[in-house]
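> Predicted coordinates and the sequence they were generated for:
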Amino acid sequence: MDVANLGALDLTALAVEGAKWLAIADGVLVVLTVLAFVLGWGIRFRLVGVASFTAVLVAGLFALSLGLFERTTVPGAVRYALVYDSGAARATIAVPLELKDDREALTATLQQAASDLFSPGRLGPQRELTVQARALEHGANGASKTVYLGQIRRSLTVREDANAQIELF
């Protein structure tokens, strides 16, 4: 592996690469520890501690690599606020009212929210997540009205769902 390319790796690949090199170092330490016991070196018990601690680091770094996910960014998406999340199959986001006229930005924002809210641990009988986008329209008398702009339905079993159904109102 080229050290100059470390910046190009994502965090998961970097953690796996680090775990690999730590495992190699731990193997060398284990061999050195066995050699220390055979030859009766005075540092043999210290080497047991160092080798054991390095094994714990390998296990921790490898476990960390299993849990890291890179956040996807959808071009053209605007900031949104999560208004409601059932923790199951429904969520609602608040977006600016100007997105009512900008269908591309609304579509990108719905895709971004669906990606951000994806979790295989969500519950639902349909195994499908529905994210609705809404905005507040302020009336002349000071009252606000909720306007639903669109929704997206995506799978809860597939991380990158190419068959997400987007419906704009």
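Received the coordinates, thanks. Residues are numbered from 1 along each chain as shown.
> C-alpha from now on. contacts and neighbour counts both.
Will do.
> Provide a list of residues in contact with the residue nearest to residue 30 when sequence neighbours are not counted.
Excluding the flanking residues, the one nearest residue 30 by CA to CA, 6 or more residues apart in numbering is residue 51, at 5.9 Å. Taking CA atoms under 8 Å, 6 or more residues apart in numbering, we find residue 51 in contact with 26, 29, 30, 33.
> Only the buried subset of those, as a PyMOL command please.
Here is the PyMOL command that selects only those of the contacts of residue 51 that count as buried (16 or more other CA atoms under 10 Å):
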select buried, resi 26+29+30+33
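> May I see the buried residues of stretch 63-80?
65, 74, 77, 78, 80.
> In a markdown table, list those along with secondary structure and distance to residue 168.
Formatted as a markdown table, those follow (DSSP: H, G, I helix; E, B strand; the rest coil; distance: CA to CA, whole Å):
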| residue | secondary structure | distance to residue 168 |
| --- | --- | --- |
| 65 | helix | 38 |
| 74 | coil | 18 |
| 77 | coil | 15 |
| 78 | coil | 16 |
| 80 | coil | 16 |
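> Name the member of these with the shortest distance to residue 154.
Sorting the buried residues of stretch 63-80 by distance to residue 154 puts residue 74 at the head of the list, at 15.3 Å, by CA to CA.
> Which pLDDT value belongs to the closest one?
On the pLDDT scale, residue 74 is placed at 79.
> And the one 4 residues further on, by the same measure?
The predicted structure scores residue 78 at 87 on the pLDDT scale.
> quick revisit: when you check the contacts of residue 51 against the helices, which ones overlap?
If you go by DSSP state H, these have 26, 29, 30, 33 in helices.
> Quick check: of those residues, which lies closest to residue 132?
The closest of those, once distances to residue 132 are taken by CA to CA, is residue 26, at 50.4 Å.
> I figured that closest one hits residue 59, correct?
No. Taking contacts as CA atoms under 8 Å, residue 26 lies outside contact range of residue 59: 11.1 Å.
> check which helix or strand covers residue 115.
Assigned by DSSP states H and E, residue 115 belongs to helix 103-116.
> helix or strand right after that helix?
Counting by DSSP H and E, what follows helix 103-116 is strand 128-138.
> immediately after that next one, which helix or strand?
Next along the chain after strand 128-138, taking DSSP H and E as the criterion, comes strand 144-155.
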